[in-house]
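Engineer: Need a 3D model of the following:
(one chain, ligands or ions: 1)
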Amino acid sequence: MKKTTGMDRSVTQKWRPATQAVRGGTWRSEHGETSEALFLTSGYTYDDAATVAARFAGEEQGMTYSRLQNPTVAMLEERIALMEGAEACRTQASGMAAMTAALLCQLSVGDHCVAARAAFGSCRWLVDHLLPRFGIETTVIDSADNQEWDKAIRPNTKVFFFESPANPTLDIVDMDYVCKLATAHGITTVVDNAFCSPALQRPMEFGADVVAYSATKLMDGQGRVLAGAVCGTEEFINETLLPFQRNTGPNLAPFNAWVVHKGLETLSLRAHKQSENALKLGQFMEERIAKAGGTMLHPGLPSHPRYDLAQTQMDACGPIFSFVVRGRKQAHAILDALQLIDISNNIGDSRSLMCHPASTTHAGMSEDDRQQMGVLEGMLRINVGLEDADDVIEDMDQALASAGV
Ligand SMILES: *Cc1c(COP(=O)(O)O)cnc(C)c1O
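Structural biologist: A predicted model of the protein is given here:
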């Protein structure tokens with residue numbers, strides 16, 4: 001491999017985000033390929049025994065085994081770190097592998113983790129079921145209430161874990177407040193930034209220590225592969241995450257890394273265009289949903305309880321919002337009437353997709369937990385894609401009408 005400017009931080013850190021998204025992390029083989037090479041290899045060979053010994057001793061840089069390093073994966077990790085403004089990044093096989101690694105790599109028996117009540121179903125499962133099995137105490141709170149973060153701190157609190165905006169309630173966390181509070185108490189903040197990606201929100205600018213991703217969502221953005229990523233300081237990644245990751249092996253496959261690489265080249269364009277379409281659709285629906293007695297949960301509309309905060313934290317509203325109608329029957333009737341928008345529980349995709357969280361992404365939780373989290377029976381969540389916004393609006397218009405909204 002030839003070191004290119006894409007792998008030289010003294011050069012790439014000065015590049016603007018659009019340049020980093022296209023060229024950051026590029027590392028070329030002797031063939032000089034323009035597109036990043038796909039190294040589908042699990043192992044590596046060495047010229048002599050001394051070389052492999054030096055690599056295993058950490059005295060010489062280079063690949064030894066793809067659970068430890070892979071060139072295609074390394075290129076992606078460098079690009080994500082640059083876009084995030086992080087010192088380092090490591091990728092995982094899925095968003096949940098990333099969240100699990102980000103938490104388990106640093107928490108031990110007797111530690112305490114404070115987490116947002118409103119969260120992706122599997123993230124709540126980690127907090128409610130997995131961590132307690134290892135003797136880690138957890139508290140879930142209303143993440144949109146700054147005082148609740150203060151009140152939940154105990155002497156053994158080690159991690160704050162939240163999403164902003166949250167899936168699927170679109171709760172916004174005051175990142176500046178919560179991260180400062182964490183720092184003052186020596187607590188590490190882990191932010192799940194899946195709803196935004198670094199193209200729309202960079203939590204480290206507000207003091208977050210660790211940013212974790214489902215790269216399945218906006219980063220791939222075309223509904224192809226599962227992927228995850230964890231960003232942090234060199235110290236956190238090398239000394240805390242890597243010992244866990246290298247020995248437990250939740251690694252991202254080189255092929256999937258390559259696909260995400262292609263996604264990142266267009267991430268910013270897609271994230272902004274999808275946000276623009278989501279804003280148009282939200283504006284079209286808002287009055288009608290309100291008149292029908294429903295609620296819009298849309299961070300780009302002034303009716304959102306933390307609209308002003310969302311404006312300061314996010315560059316655009318993102319492609320995802322939720323709304324609440326009369327109940328499960330009406331929500332399902334809207335889904336069944338759709339002609340263009342697909343019924344699908346994925347998000348961040350370039351296609352418009354809609355789902356009913358209570359019977360899909362959050363079906364694994366008890367009805368009580370769903371109620372407390374605000375995942376109501378009448379809630380629908382939509383990811384607005386790259387289609388012409390007017391076609392999406394027309395489809396929503398006819399689906400609402402046919403369900404009596
Ligand atoms: C989808 C999602 C995850 C899980 O990611 P996978 O890639 O599906 O494992 C975690 N957090 C949030 C907020 C998500 O939307």
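Engineer: any chance you could map the helices in the stretch 151-300 of the chain?
Structural biologist: 175-184, 234-235, 242-248, 254-265, 267-291 (DSSP state H, counting those that start in this stretch).
Engineer: residues touching K217, list them.
Structural biologist: By Cβ atoms under 8 Å, 6 or more residues apart in numbering, K217 lies in contact with G95, A194, F195, S197, N346, I347, G348, D349. Glycine gets a C-beta too; all of them are placed from N, C-alpha and C.
Engineer: Now it: closest residue in space that isn't a chain neighbour?
Structural biologist: Excluding its sequence neighbours, the residue lying closest to K217 (Cβ to Cβ, 6 or more residues apart in numbering) is G348, at 3.1 Å.
Engineer: show me what contacts the closest residue to the ligand within the stretch 201-350 of the chain?
Structural biologist: In the stretch 201-350 of the chain, the residue that lies nearest the ligand is S214 (3.0 Å; Cβ to the nearest ligand atom). Contact partners of S214, counting by Cβ under 8 Å, 6+ apart, are S94, G95, M96, A98, D192, A194, A227, G228.
Engineer: Skipping adjacent residues, who's closest to the residue in the stretch 1-150 of the chain that the ligand sits nearest to in space?
Structural biologist: Using Cβ to the nearest ligand atom, the single residue of the stretch 1-150 of the chain nearest to the ligand is G95, 2.1 Å away. Leaving aside its sequence neighbours, G95 sits nearest to S214 (Cβ to Cβ, 6+ apart; 2.4 Å).
Engineer: In the sheet, which residues pair with that neighbour? Tell me.
Structural biologist: Taking DSSP bridges, one obtains G228 as the residues bridged to S214.
Engineer: if we can go back for a sec, where neighbours are concerned, which of the contacts of K217 has the most?
Structural biologist: G348 (29 neighbours; other Cβ atoms under 10 Å).
Engineer: For G364, state which of the contacts of K217 is nearest.
Structural biologist: G364 lies nearest to G95 out of the contacts of K217, by Cβ to Cβ, at 16.0 Å.
Engineer: for the chain, which spans come out with low pLDDT?
Structural biologist: The chain contains residues with pLDDT under 70 at 3.
Engineer: Now for it: which strand has the highest residue count?
Structural biologist: With residue count as the measure and DSSP state E as the assignment, the chain has strand 157-163 as its longest strand.
Engineer: For stretch 218-233, measure first residue to last.
Structural biologist: Between the opening and closing residues of stretch 218-233 lies a distance of 23 Å (Cα to Cα, to the nearest Å).
Engineer: related to what we said a few turns ago, can you add distance to C105 and mean neighbour count and give the helices of the stretch 151-300 of the chain back as a markdown table?
Structural biologist: Below are these laid out as a markdown table (distance: least, Cβ to Cβ, whole Å; neighbours: other Cβ atoms under 10 Å):
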| stretch | distance to C105 | mean neighbour count |
| --- | --- | --- |
| helix 175-184 | 17 | 18 |
| helix 234-235 | 13 | 10 |
| helix 242-248 | 4 | 15 |
| helix 254-265 | 20 | 21 |
| helix 267-291 | 26 | 19 |
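Engineer: Ok, which of those comes nearest L376?
Structural biologist: Closest to L376 of these is helix 267-291 (Cβ to Cβ; 13.2 Å).
Engineer: how far away is I153 from the ligand?
Structural biologist: 24 Å (Cβ to the nearest ligand atom, to the nearest Å).
Engineer: Would you agree that residue is in contact with I141?
Structural biologist: No: using Cβ atoms under 8 Å, I153 makes no contact with I141, being 10.5 Å away.
Engineer: Find residues that contact each of these two.
Structural biologist: What both I153 and I141 touch, as defined by Cβ under 8 Å, 6+ apart, is the set V114.
Engineer: For S350, list the residues it contacts.
Structural biologist: G221, Q222, G223, R270, Q274, G385, L386.
Engineer: Tally up the residues packed near L226, please.
Structural biologist: 18.
Engineer: That one contacts A93, doesn't it?
Structural biologist: Yes: using Cβ under 8 Å, L226 is in contact with A93, at 6.5 Å.
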